[in-house]
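>>> could you look at this predicted model? Sequence included:
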Amino acid sequence: MEKTVNQKAWFLVLPVLVLVAFSAVIPLMTVVNYSVQDSFGNNQFFWAGLTWFEELLEDDRMWGALQRQLIFSGIILAIEIPLGILVALSMPKKGVWVSVCLVLMALPLLIPWNVVGTIWQVFGRVDIGLLGGTLAALGIDYNYTQDPFDAWITVIVMDVWHWTSLVALLAYAGLQSIPQAYYQAAKIDQASRWAVFRYIELPKMAGVLLIAVLLRFMDSFMIYTEPFVVTGGGPGSSTTFLSIDLVKMALGQFDLGPAAAFSIMYFLVILLISWVFYTVMTNLDKREGR
Amino acid sequence: MSDASPAAPGAASIPGKVTATQARATTGKRFRPSGSTVVMVLYLLFLFLPIYWLINMSFKTNAEIVSSFTLIPADPTIQNYVTIFTDPAWYMGYINSLIYVMINTVISLAVALPAAYAFSRYHFMGDKHLFFWLLTNRMAPPAVFALPFFQLYSSVGLFDTHIAVALAHCLFNVPLAVWILEGFMRGVPKEIDETAYIDGYSFGRFFVKIFMPLIASGIGVAAFFCFMFSWVELLLSRTLTADDAKPIAATMSRTQGASGIDWGVLAAAGVLTIIPGALVIYFVRNYIAKGFALGRV
């Protein structure tokens, strides 16, 4: 659509600008403020320069959390994207079952995040949970509160359970946009199922899949509630991801300076990913001629 | 060589209803993996086992939960739900959550509607940067904002009020609403605006009387997603409340910390938090992907 230049449109955007500035810019400035100061209590602050940032870069704890975070995001992407595509391809093509599947699949997406945590916390418990109980009955040694490996498995399966439907729904939306004629042409060419997927469905889904990857990466990168409820970041600090670590630092220990420096680094990474996301979005819009 | 090949050139390429239907029928058989139903059933089973277990537990007594391992409550009880609906500490959690979620949805939509219109119709100075900046707020980790929000709202005396949580959730819901609505508004041809202006409609009247009905489904979807994301969020709502506005999510997490967890009530509370989403999901089923993808797709 052709847009006209109209500077008065600013007035329409103004309420959003004021509101989001109040809830984003002011808090962010507070964070910047804390990140360059030191406090000995009593609201007395001293200029600390970049000390906190330097300390942060040498802090094993932060690097550990970042490393775990990246591994976590990597693993869940590697599972959720292919699984989501598979589920989308398995969707019924028409009829009432489409609606049924859509509604059922979307349900986990709408469950409050701490309830997701609670569900899996209960489900995985050896004494009262279906999963834990079944595994114990099968003779598998599984205890997510004691064993770091089991804790990781639980958190990953939980995230797959929670968010694969998002990938599936996006991929399904992409598949829906493929004209039937493409499939007929492939049929005439005697294309194999794999070829249809590789040369028709995958390229047509590329746009939405990219959105799915970015959304899943972003949201898994700031995951807090679900693992916090299930494992509390433990055992030890084996499932302490960036957000859990940050909240522990800021609200638990009230280490304002380091926490603020941490926040800023965290936010810069998010900003970078957002920019990639935005570029992808605008390019997609252009490609569709909107 | 082969006699009477049905795909002989010229024979099957005649476009006709019969050929098309046949083609589609065979396409369906041929290109759909026969295991698709199996995959779907397995996946849905995977999704529903944990939820089933929660529902199952919510109808059990604590004694049964801890002592025996039963797939169906041996002695179904609604006592857990009765506890929630009669204890103010529990049911006020739901009321508090609903209050701030609704305030947030109303605020988000009220400010997002005109802004989304501006983004979908006009170029103005800094529009792209502003649109991007909004996105960064949707993507911002709540953990970064927890502490500053706590201090900000404490200093202006809004700590532990519904409005504080509602405003805090605007951080990600306003950008979300703007992006979703912009996606829907782009689908409305600009000629409609122009015709209305020629007919003498003022902007306000046009927007309310003509434009909003046209994007009613978009408004519904945006409202749904604002509601949902405010409903599922815990970190900020827990940080900004102590008692008077404590959300149900925080009530649940605090109960878990106590010794001797009341599993039955916890499960019942969990089931009740799923219900709002489950009730309205049917109406937005075709837009769910669009909503989660910020109005794109």
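Happy to help now that I have it.

>>> got a list of what the nearest residue to B:A112 once chain neighbours are set aside touches?
In this structure, B:A112 finds its nearest non-sequential neighbour in B:A177, 3.6 Å apart by C-beta to C-beta, 6 or more residues apart in numbering or on different chains. Bear in mind the C-beta positions are built from the backbone N, C-alpha and C, glycine included. Going by C-beta atoms under 8 Å, 6 or more residues apart in numbering or on different chains, B:A177 touches B:S108, B:L109, B:A112, B:A116, B:A222, B:F225, B:C226.

>>> what secondary structure does the third one sit in?
Right, B:A112. Following DSSP: H, G, I helix; E, B strand; the rest coil, we place B:A112 in the helix state.

>>> was I right to think it contacts B:G183?
No: with contact defined as C-beta atoms under 8 Å, B:A112 and B:G183 do not form a contacting pair (11.9 Å).

>>> who has more neighbours, the two?
Per other C-beta atoms under 10 Å in any protein chain shown, whichever of B:A112 and B:G183 has more neighbours is B:A112, with 29 against 24.

>>> can you check the pLDDT for the nearest residue to B:K209 once chain neighbours are set aside?
With sequence-adjacent residues excluded and distances taken as C-beta to C-beta, 6+ apart, B:K209 is closest to B:Y201, at 7.3 Å. We note a pLDDT of 90 for B:Y201 in this prediction.

>>> so B:Y201 sits in a helix?
No: B:Y201 sits outside any helix when classified using three-state DSSP, being coil.

>>> report how many residues lie close to it.
With other C-beta under 10 Å as criterion, B:Y201 counts 17.

>>> ok, it to B:M212 distance?
13 Å (C-beta to C-beta, to the nearest Å).

>>> next: A:D141.
The value you get for A:D141 to B:M212, if C-beta to C-beta is used, is 59 Å.

>>> same question for B:V232.
Taken as C-beta to C-beta, the span from B:V232 to B:M212 is 27 Å.

>>> who has more neighbours out of those two?
Higher neighbour count among B:V232 and B:M212: B:V232, with 20 against 14, using other C-beta under 10 Å.

>>> phi, psi for the spatially closest residue to that one that is not a sequence neighbour please.
Once flanking residues are discounted, B:V232 sits nearest to A:P112: 4.4 Å by C-beta to C-beta, 6+ apart. Backbone torsions for A:P112, taken as degrees, to the nearest 10, come to phi -50, psi 140.

>>> count of residues packed around A:P112?
Count around A:P112 with other C-beta under 10 Å applied: 24.

>>> so for it, what's the pLDDT?
Reading off the model, A:P112 has pLDDT 88.

>>> where does the prediction get shaky in the stretch 1-150 of chain B?
The model of the stretch 1-150 of chain B has pLDDT under 70 over residues B:1-34.

>>> pull out the buried positions in stretch A:259-268.
A:A259, A:A260, A:A261, A:F262, A:S263, A:I264, A:M265, A:Y266, A:F267 (16 or more other C-beta atoms under 10 Å in any protein chain shown).

>>> wondering if the longest helix out of those in chain A reaches chain B at all.
Secondary structure of chain A per DSSP state H: the longest helix is helix A:256-287. Yes: using C-beta under 8 Å from any C-beta of the partner chain, helix A:256-287 reaches chain B at A:256, A:259, A:263, A:266-267, A:270-271, A:273-275, A:277-278, A:281-282, A:284-285.

>>> go on, stretch A:227-234?
Yes: on the criterion C-beta under 8 Å from any C-beta, stretch A:227-234 is in touch with chain B at A:V229.

>>> what about that stretch, how long is it end to end?
Stretch A:227-234 has its terminal residues 9 Å apart, counting by C-alpha to C-alpha, to the nearest Å.

>>> just the element for the residue nearest to A:V280 when sequence neighbours are not counted, please.
Spatial nearest neighbour of A:V280, excluding adjacent residues (C-beta to C-beta, 6+ apart): A:L210 at 5.4 Å. Using DSSP states H and E, A:L210 sits in helix A:202-221.

>>> next, the angle from that helix to helix A:256-287.
160 degrees (axes from the mean of the first three to the mean of the last three C-alpha atoms, to 10 degrees).

>>> what separates helix A:202-221 from the chain centre, distance-wise?
11 Å (C-alpha atoms, centre = their mean, to the nearest Å).

>>> for stretch B:281-297, which outside residues touch it?
A:99, A:102-103, A:106-107, A:109-110, A:166, A:169-170, A:172-174, A:208, A:211-212, A:215, A:281, A:284-285, B:135, B:138, B:176, B:179-184, B:217, B:220-222, B:224-225.

>>> right, I'll leave it there.
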